[in-house]
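In: sequence first, then the predicted structure:
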Amino acid sequence: RKIQVVAHKLFSNEFMSKLYFKIVLKEKLDLKNPRTFNEKLQWLKLYYYPQNDLAVKCADKYRVREYIKDKGYENTLVPLLGAWDNVEDIDWDSLPNKFVLKCNHGCAYNIVCNDKTEFDRIKAKKQLNTWLKEDFGAFNIEPHYSNIKKHKITCEEFLGDNLVDYKFFCFNGVPRLIYVSVDMIHDRQAKMAFFNLDGSKINLKRDDYASIEKIELPSFYSEMLEMASDLCKDFPFVRVDFFVTGNKYYFAELTFTPCACMMPFNPKEKDFEWGELLNIENLIKRRGKN
């Protein structure tokens, strides 16, 4: 990551995006005539989301809570136990035996405490301090994260060991498909698969994860779908993520650049199929006139 930060300072976002695209996907990135899902997300990542104040706000894991409240879905938020600007401000003694610490300005900035009596506070403090100083947007060139200026630590209620993630991929204000995963948070072997909105499996694999063969949609699935349909209307593309535990669902986050816009597709044709679902022609034309 240190090398990525140095490269980010020396070269343009466009150059680094093309370089990473070539390294990760072994493909040439076409930003002038984007056709695939990954290419169109790369375009949005570079030229749209960083300048969109609402997207920057909703990428912020803390400030997005305000957006969710304003939309009328406060009851779906994971209970917040605390929020601090500095590690030294955390009142450890007031926290319950189990909790989850997060930083608001990037992805995978999570520390799960399963038992406070065995929790290494010194290690956690060191890790949080490291994260607070990082510009997450510099690593894989996701500049909307760089525009989150106020870095915060949050503490949320521990939801349990058997979380299931439902992630709605939404194109031009319409949910089109879902990604379901299990064991993504607790460092076990994750399993995942893509499904149509009716729960039927899509012929698309992630070779880096074990596959889920089938799912049983929860009784409140229609509520999640309705909420995702509402939240996605403000963006050309967004993934609306939920945690499901037992008989309840919680809002997790809004994701604008999944896999830093370098998502591996198997078969590759799906990258083009998803690209056809995402229409950004007007945004490209508008930028060309400015």
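Out: Alright, I've got the coordinates.
In: Arg287 and Tyr47 touch, don't they?
Out: Yes - with contact defined as Cβ atoms under 8 Å, Arg287 counts as touching Tyr47 (5.7 Å). Backbone N, C-alpha and C define where each C-beta goes, glycine included.
In: check which helices and strands the strand or helix carrying Lys123 sits against.
Out: If you go by DSSP states H and E, Lys123 is part of helix 121-133. Under the contact criterion of 3 or more Cβ pairs under 8 Å, 6 or more residues apart in numbering; DSSP states H and E, helix 121-133 touches strand 99-103, strand 110-113.
In: which residue ranges of the chain form helices?
Out: Secondary structure of the chain by DSSP state H: the helices cover 2-10, 13-25, 37-47, 53-59, 64-70, 121-133, 143-146, 221-231, 269-277, 281-289.
In: and the third one, how far out from the chain's middle?
Out: Same thing as helix 37-47. 15 Å (Cα atoms, centre = their mean, to the nearest Å).
In: I'd like to check the angle between it and helix 13-25, please.
Out: Counting by axes from the mean of the first three to the mean of the last three Cα atoms, to 10 degrees, helix 37-47 lies at 150 degrees to helix 13-25.
In: not counting its own residues, what contacts helix 37-47?
Out: 13-14, 17, 21, 25, 29-31, 34, 141-144, 236-237, 256-258, 260-263, 265, 270-272, 274-275, 277-278, 280, 283-284, 287 (Cβ atoms under 8 Å, 6 or more residues apart in numbering).
In: shaky segments in this structure?
Out: Residues of the chain meeting the criterion pLDDT under 70: 183-189, 290.
In: check it and tell me which residue is nearest its centre.
Out: Geometric centre of the chain, nearest residue: Thr255, 3.4 Å, by Cα atoms, centre = their mean.
In: if I pick that one, what's in contact with it?
Out: Thr255 makes contact with 167, 238-239, 241, according to Cβ under 8 Å, 6+ apart.
In: what do you get for Trp274?
Out: 36-37, 169, 171.
In: which of those residues sit farthest apart?
Out: Thr36 and Phe169 (14.3 Å; Cβ to Cβ).
In: what's the neighbour count on the nearest residue to Glu74 once chain neighbours are set aside?
Out: In space, and not counting its chain neighbours, Glu74 is closest to Ile68: 6.6 Å by Cβ to Cβ, 6 or more residues apart in numbering. Around Ile68 there are 19 other residues, counting by other Cβ atoms under 10 Å.
In: so how far is Phe11 from Ile68?
Out: 36 Å (Cβ to Cβ, to the nearest Å).
In: and Trp274, how far from Leu31?
Out: Using Cβ to Cβ, Trp274 is found at 17 Å from Leu31.
In: the nearest residue to Gln127 once chain neighbours are set aside pairs with what?
Out: Once flanking residues are discounted, Gln127 sits nearest to Ile111: 6.5 Å by Cβ to Cβ, 6+ apart. On the basis of DSSP bridges, Ile111 is bridged to Leu101.
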